[in-house]
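[1] output the structure for:
(2 chains)
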Amino acid sequence: MNINLTLFAQAITFFAFILFTARFVWPPLMRAVEARQKQIADGLAAAEEGKQSLELSAKQADQEIAKARARAAEIMAQAEKRVSQMIEEAKLSAREEGNREKTAAKAEIEQEVSRAKEALRSQVSLLAIAGAEKILRREVDAKTHADLLQAVQAEL
Amino acid sequence: MAAGAEMRPTEYIGHHLTFNTQAIGDGGFWTLNVDTIVTSVLLGVIGFGFMWLVVRGATAGVPGKRQAFVELIFDFVDEQVKGIFHGARGFITPLALTVFVWVLLMNAMDFLPVDWVALGTHHVNEHGFRIVPTADVNTTFALALSVWMLMMYYTIKVKGLGGWIHELFCAPFGSNPLLWVFNFLFNLVEYVSKPLSHSLRLFGNMYAGEIIFLLLWMMAATSIAGTVFGSLLGLGWAIFHILIVALQAYIFMMLTIVYISMAHESH
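    Predicted coordinates:
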């Protein structure tokens, strides 16, 4: 255990290694570590951001769905209203149509009746004339009494 | 064992505790412990070269296994520094990292069985080649005194020369002129004891560990039973020594950080 020049040699070596470590080992390692720390921090921030935007869009989606649901209900109500309205209208027009057809049928019937009366009347008059002719054949000449016969016919 | 010759236990231990010295001048001081320097430089080059190679291709993305390993050590050291030192860590963490990795590697040399290593080192030098640089008091003193000088540098840089001298006489007991002598003596003891305890703690642990290994391996020379018993005890001591090696490196690093951060704080 004697001190000799090795002391200084070792001290110089020690300083050389300190300088080497401080100059060549520490800075690149520090850079890499700091860059990684930044990457991790960025990643965490991005994840947080993603989570927030997910929440936001979920909220938006909920809002949209609620809006769509309300709109659908509104449309349904409108449609129901419209349908009942249409049914009312159809009922109304059907009733009107029925009435009209009823009156038309009545009128036709009346017409038919009057026509039948007319025909009956003319036939009766013909029969009357024929009867009268038969009765009067001998005395009445169709030609000479045409005026008379016609007047009778018109009267009937 | 050296050249297979019959050796007495003290010779065996003394043989393994002999430095490979190289005199470069007159007097006992002008000598270099070649084994210490070569081993420590080699370990430093391997350790820091490995880290340099890894961090040169360091990616901010998913790290590879080697990068993760280096980052693990780096984070461990940086956490310790963060807990003690408050300020820019651009120099002190590399310093602590250097101390930790280098001391750990140098301590770990204790695990290599000296007699097997000697098979190789005997080709270089017949008379001893110690492979645990931290069991050389020169290494631990060099480290501790370097840290001490950094501590003084930061003390004077942060507090100013006047502030430092003021603190030397007025802390920790107070600025009463009657207390100046006591303050100064107290600080003197502190400034002397810091590098001494810093270096001798590491040296003592490693030196003792080495001697216990040598004693256990020496049993192997007695008989077959001694070989088995010595190997078992050697294994037990090696496992326990893993704790000491890591713990001493850790303590050395922590003291380095503590001393330097104390220099940054004014009382």
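
[2] so what's the nearest residue in space to B:V258 that is not next to it in sequence up against?
    Nearest residue to B:V258, sequence neighbours excluded (Cβ to Cβ, 6 or more residues apart in numbering or on different chains): B:I84, at 6.0 Å. (C-beta placed from N, C-alpha, C; glycine too.) The neighbourhood of B:I84, defined by Cβ atoms under 8 Å, 6 or more residues apart in numbering or on different chains, consists of B:M254, B:I257, B:V258, B:S261.

[3] can you rerun that using 10 Å?
    By Cβ atoms under 10 Å, 6 or more residues apart in numbering or on different chains, the contact set of B:I84 is B:I92, B:A96, B:M254, B:I257, B:V258, B:I260, B:S261, B:M262.

[4] dihedrals phi and psi, the third one?
    Spelled out, that is B:M254. Main-chain dihedrals, B:M254, degrees, to the nearest 10: phi -60, psi -40.

[5] immediately after the strand or helix carrying A:L92, which helix or strand?
    When elements are assigned from DSSP states H and E, A:L92 belongs to helix A:26-136. Next helix or strand after helix A:26-136 toward the C-terminus (DSSP H and E): helix A:146-155.

[6] and the angle from that following helix to helix A:26-136?
    Helix A:146-155 runs at 140 degrees relative to helix A:26-136, counting by axes from the mean of the first three to the mean of the last three Cα atoms, to 10 degrees.

[7] same for helix A:146-155, what does it pack against?
    helix A:26-136 (3 or more Cβ pairs under 10 Å, 6 or more residues apart in numbering or on different chains; DSSP states H and E).

[8] can you pick out the most distant pair from the contacts of B:I84?
    Spanning the widest gap among these are B:A96 and B:M262, at 14.2 Å by Cβ to Cβ.

[9] these two: who's more crowded?
    The neighbour comparison of B:A96 against B:M262 (other Cβ atoms under 10 Å in any protein chain shown) goes to B:A96, with 26 against 16.

[10] mind listing what that one touches?
    A:18, A:21, B:76-78, B:80-81, B:84-85, B:89, B:252-254, B:256-257, B:260.

[11] now the buried members of those residues.
    Buried members of the contacts of B:A96, counted by 16 or more other Cβ atoms under 10 Å in any protein chain shown: A:18, A:21, B:77-78, B:80-81, B:85, B:89, B:252-254, B:256-257, B:260.

[12] pull out the buried positions in the helix or strand bottoming out on mean pLDDT in chain A.
    Within chain A, no helix or strand scores below helix A:146-155, which has a mean of 79 by mean pLDDT, DSSP states H and E. In terms of neighbour count (16+ other Cβ under 10 Å), helix A:146-155 has its buried residues at A:L149.

[13] same deal with stretch A:35-50?
    Buried-residue list, stretch A:35-50, by 16+ other Cβ under 10 Å: A:R36.

[14] starting at the chain centroid, how far to that stretch?
    How far stretch A:35-50 lies from its chain's middle: 50 Å, per Cα atoms, centre = their mean, to the nearest Å.

[15] quick one: is it near chain B?
    Yes: with Cβ under 10 Å from any Cβ of the partner chain as the criterion, chain B is reached by stretch A:35-50 at A:A35, A:R36, A:Q37, A:K38, A:Q39, A:I40.

[16] which ones are touching the fourth one?
    If I follow you right, that is A:K38. By Cβ under 10 Å, 6+ apart, the contact list for A:K38 reads B:A60.

[17] report pLDDT for B:Q248.
    pLDDT for B:Q248: 94.

[18] surely it is in a helix?
    Yes: counting by DSSP: H, G, I helix; E, B strand; the rest coil, B:Q248 is found in a helix.

[19] may I see the buried residues of the helix or strand encompassing A:I12?
    Using DSSP H and E, A:I12 maps to helix A:6-20. Within helix A:6-20, the residues that count as buried by 16+ other Cβ under 10 Å are A:T6, A:L7, A:A9, A:Q10, A:A11, A:T13, A:F14, A:F15, A:F17, A:I18, A:F20.
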